[in-house]
Every structure is written in C-alpha cells, then in structure tokens.
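Enquirer: Output the structure for:
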Amino acid sequence: MNTDPEPVVVSAEPAPPKGRGTGRNPTPRYARQSRESEPSHDEPSHPRTVVSIDATRSVLSRNDSPDLPFGQSLNPYRGCEHGCIYCFARPSHAYLDLSPGLDFETRILAKPAAAELLVDALRRPDYRCEVLAMGTNTDPYQPAERDWRITRSVLEVLLDCRHPVAIVTKSARICRDLDLLGELARHELVSVFVSITTQDNDIARTLEPRAAAPAARLKAIARLTQAGVPTGVLVSPIVPALTDHELEHILQAAYDAGARFAGFSLLRLPGEVAALFEDWLVQHHPLRASRVMHAVRATWRGEVSSSAFGARMRGHGPYAKLIAQRFALASRRLAMSGAPRLVTRRFRPPAGGQLGLGV
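Expert: The predicted model follows:
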C-alpha cells in the first residue's frame with residue numbers, strides 16, 4: 001500500500017491582497033447562479049472592508065452539541081476581518097449569499113441592536129440563566145468593534161444583570177474593556193480564552209493576517225490576569241506538520257504570561273474552507289503543502305473534517321491521540337486545568353426598560 005503524500009498541484013491563483021487571508025471569492029453554495037468577476041472601485045491590492053447592519057431580531061443562538069462546553073452563544077458580528085484562512089465559520093457567509101472567501105473578511109455584518117435584543121431575551125419569564133459564550137463563531141473584538149462597540153454594550157448588560165459570560169478572542173482589543181471585565185470577575189461572572197495558533201510571526205502574518213500578533217496576545221493575557229480576570233489559552237487550531245511542534249511552547253509562554261487554564265483543537269476544514277486553505281498552503285508553504293494535507297487527512301480518516309459528535313474538535317487516529325497526550329502532559333506539568341466554573345445564582349433579570357449602566 002502506497003502511503004506517500006498525494007502531491008499538491010501548484011495553484012495558478014494570484015497571491016492574496018496584502019493583509020487578507022485569501023484573494024479568492026468562490027460562489028456561495030446556495031447561490032442560484034455562478035458569479036462572474038465584477039468590476040470594483042477599490043484597488044485590487046487593497047480591498048476595503050464594508051460593515052453593514054444585520055437587522056436580526058434575535059441574538060441568542062443555542063446548541064446541544066456534546067463537543068461544546070456551552071449551551072448558548074452571542075456573536076455581535078457576522079464575518080470576521082481577522083481573515084484567518086482556516087476559520088470554520090467561513091461557510092456560514094454563504095447563508096447571506098456572500099462568499100466564504102474574501103467576502104467573509106471584507107463584508108462584515110454588525111448587530112448594533114444586540115444589547116437591546118439581549119435585554120429582551122433575559123427579561124422573558126421562561127429564561128433560565130446559563131453561561132453565555134461569545135467568540136464561538138466570529139471574534140467579538142475584531143477591528144469593527146473599535147467603532148461599533150457592540151461587544152462592550154453587551155458586557156454592560158451582562159454586568160448589570162449579573163449574568164455569566166465566557167469569551168474567546170485572538171484580539172488584544174479586549175483590554176479596552178478591562179473595567180467591565182474586572183468587575184464581572186469580581187462577581188465570578190467571566191472567563192476569557194485568548195486563542196494562540198502559532199508564535200511564528202511569519203506564519204501568523206498570513207495565517208491570521210489582521211489578528212493581533214502572537215506577542216500582543218501574550219501581553220493581553222498578562223493584562224487580563226493582572227486585572228483579576230480568569231484567563232486561559234486556547235491552542236487552536238493546531239495545524240498538523242506546520243504548527244503542531246509549538247504546542248508545549250505556546251502553553252509555557254501563556255502560563256508565563258499568567259494563563260492558568262487551557263484548551264486545544266485540531267484543524268478541520270469544513271465546506272469551502274478546504275480549498276481556500278489548500279490554496280493558502282501552496283501560496284505560502286509550497287514545500288510543506290503535500291505533507292500538511294496528508295497529515296490533515298490522516299487526522300480525519302481520509303477526509304479533511306468531520307461533523308460527528310465526540311471527535312470533530314479532536315480528530316481520530318494515532319496523530320490525534322498523540323496531540324491529546326502531549327497537551328495533557330504539558331497542562332499537567334504547568335498545573336493548567338479547565339476554565340473556572342462561573343456562577344449563575346446572582347442573575348437578576350432586567351427591570352423595566354432602564355438598565356443601571358445604560359445601553
């Protein structure tokens with residue numbers, strides 16, 4: 001049986017625009033017609049970001065997946081300007097008739113009414129308080145948050161209502177809200193995971209082009225910890241044959257910065273993400289491309305992803321088991337465990353229509 005990696009054909013696609021994860025814009029899978037190239041008024045090398053309003057009437061999403069440690073989540077934005085080429089949320093842009101490619105990075109939908117809609121949800125008589133997760137799909141502290149401040153308005157509501165929240169981000173912008181996060185922490189109402197994929201600046205610059213640099217994320221961990229905010233590191237995603245060797249180093253660096261709990265996940269490439277990621281590999285790491293894709297498929301039983309409960313974050317086979325063992329050993333050595341349990345007993349529904357902090 002031949003176990004040699006399958007060759008990756010060198011792509012004829014042009015290099016991505018500077019500061020973007022991809023220059024491709026594949027047709028959304030639900031589109032009735034294939035896209036033709038459309039003329040643009042932007043410079044091709046500098047496609048600008050357009051933020052529009054998402055007129056959603058609800059902001060809480062619920063799930064019953066045994067792989068996820070939360071039952072409800074809130075995402076202030078759809079699409080993410082960080083442009084992480086591996087992002088599993090890219091295919092969701094197809095539901096908006098937008099491409100999971102460059103559109104996902106440049107066509108952002110903001111939910112400015114998120115705080116008000118959250119108040120409505122928390123005020124319902126049948127609402128039962130449980131931890132609210134933020135950053136589960138797109139980053140709540142992506143660049144748009146600088147001006148829109150939607151995440152901050154949501155945190156104001158949660159603090160006023162004494163509602164617990166767990167946040168995942170790869171942005172140092174979270175430190176802007178240290179005042180709110182510190183107060184939430186004082187009531188045991190918040191935990192933060194800072195996601196670090198690699199400490200290699202050259203890889204990070206193209207893998208996650210508009211996310212904070214690795215060193216900035218470590219500084220964010222330090223600042224959050226110093227403010228009393230329970231903070232951990234999420235080594236995610238681990239890219240086989242590219243970043244996997246960094247696992248222990250990332251955990252150690254995060255621990256040194258103040259992180260006291262940790263998690264990880266393996267790279268998975270659902271839907272359109274697979275072709276985008278493979279093209280990225282060929283563009284930026286042509287000599288490793290075949291080896292990386294072979295290792296990815298070995299992790300997912302010959303595929304590049306899995307939606308099966310119980311393994312879709314951790315993979316299958318010897319390689320996945322080895323990563324899990326390495327993570328467990330390193331975490332044990334550093335005395336890093338799971339995120340702290342947040343309290344729900346202090347929750348108080350919004351009263352009337354006026355919140356103490358104002359939203």
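Enquirer: now the helices for the stretch 151-300 of the chain?
Expert: For the stretch 151-300 of the chain, helices defined by DSSP state H, counting those that start in this stretch occupy the ranges 178-186, 201-207, 214-226, 247-257, 273-284, 289-299.
Enquirer: The ones you listed into JSON lines, with extra columns for distance to Ile108, mean neighbour count and mean pLDDT?
Expert: All C-beta atoms are positioned from the backbone trio N, CA, C, and that covers glycine. Formatted as JSON lines, the helices of the stretch 151-300 of the chain follow (distance: least, C-beta to C-beta, whole Å; neighbours: other C-beta atoms under 10 Å; pLDDT from 0 to 100):
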{"stretch": "helix 178-186", "distance to Ile108": "23", "mean neighbour count": "18", "mean pLDDT": "98"}
{"stretch": "helix 201-207", "distance to Ile108": "20", "mean neighbour count": "17", "mean pLDDT": "98"}
{"stretch": "helix 214-226", "distance to Ile108": "21", "mean neighbour count": "20", "mean pLDDT": "98"}
{"stretch": "helix 247-257", "distance to Ile108": "28", "mean neighbour count": "19", "mean pLDDT": "98"}
{"stretch": "helix 273-284", "distance to Ile108": "18", "mean neighbour count": "21", "mean pLDDT": "97"}
{"stretch": "helix 289-299", "distance to Ile108": "28", "mean neighbour count": "21", "mean pLDDT": "96"}
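Enquirer: Nearest to Arg78, out of those?
Expert: Evaluated over the helices of the stretch 151-300 of the chain, closeness to Arg78 peaks at helix 273-284, with 16.1 Å, by C-beta to C-beta.
Enquirer: now the closest one and helix 289-299, what's the angle there?
Expert: Angle, helix 273-284 to helix 289-299, by axes from the mean of the first three to the mean of the last three C-alpha atoms, to 10 degrees: 150 degrees.
Enquirer: For helix 273-284, what is the distance to the chain centroid?
Expert: Relative to its chain's centre, helix 273-284 lies at 19 Å (C-alpha atoms, centre = their mean, to the nearest Å).
Enquirer: Mind giving me the packing neighbours of that helix?
Expert: The elements that helix 273-284 packs onto, with contact taken as 3 or more C-beta pairs under 8 Å, 6 or more residues apart in numbering; DSSP states H and E, are helix 201-207, helix 289-299.
Enquirer: Return the alpha-carbon coordinates of it using PDB.
Expert: Extracted C-alpha coordinates of helix 273-284, given in PDB (Å, rounded to 0.1, in the frame of the first residue of the first chain):
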ATOM      1  CA  VAL A 273     -12.500  26.200   3.800                       C
ATOM      2  CA  ALA A 274     -10.700  23.200   2.500                       C
ATOM      3  CA  ALA A 275     -10.000  24.700  -1.000                       C
ATOM      4  CA  LEU A 276      -9.100  28.100   0.500                       C
ATOM      5  CA  PHE A 277      -6.700  26.600   3.000                       C
ATOM      6  CA  GLU A 278      -5.000  24.300   0.400                       C
ATOM      7  CA  ASP A 279      -4.500  27.300  -1.900                       C
ATOM      8  CA  TRP A 280      -3.000  29.300   1.100                       C
ATOM      9  CA  LEU A 281      -0.600  26.400   1.700                       C
ATOM     10  CA  VAL A 282       0.500  26.400  -1.900                       C
ATOM     11  CA  GLN A 283       1.000  30.100  -1.900                       C
ATOM     12  CA  HIS A 284       2.900  30.400   1.300                       C
END
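Enquirer: ok, Leu247 touching Leu329?
Expert: No - counting by C-beta atoms under 8 Å, Leu247 does not reach Leu329; the two are 10.1 Å apart.
Enquirer: could you give the mean pLDDT of the longest helix anywhere in the chain?
Expert: Taking DSSP state H as the criterion, the chain has its longest helix at helix 317-333. For helix 317-333, mean pLDDT is 96.
Enquirer: how far out from the middle of the chain is it?
Expert: Between the centre of helix 317-333 and the centre of its chain there are 22 Å (C-alpha atoms, centre = their mean).
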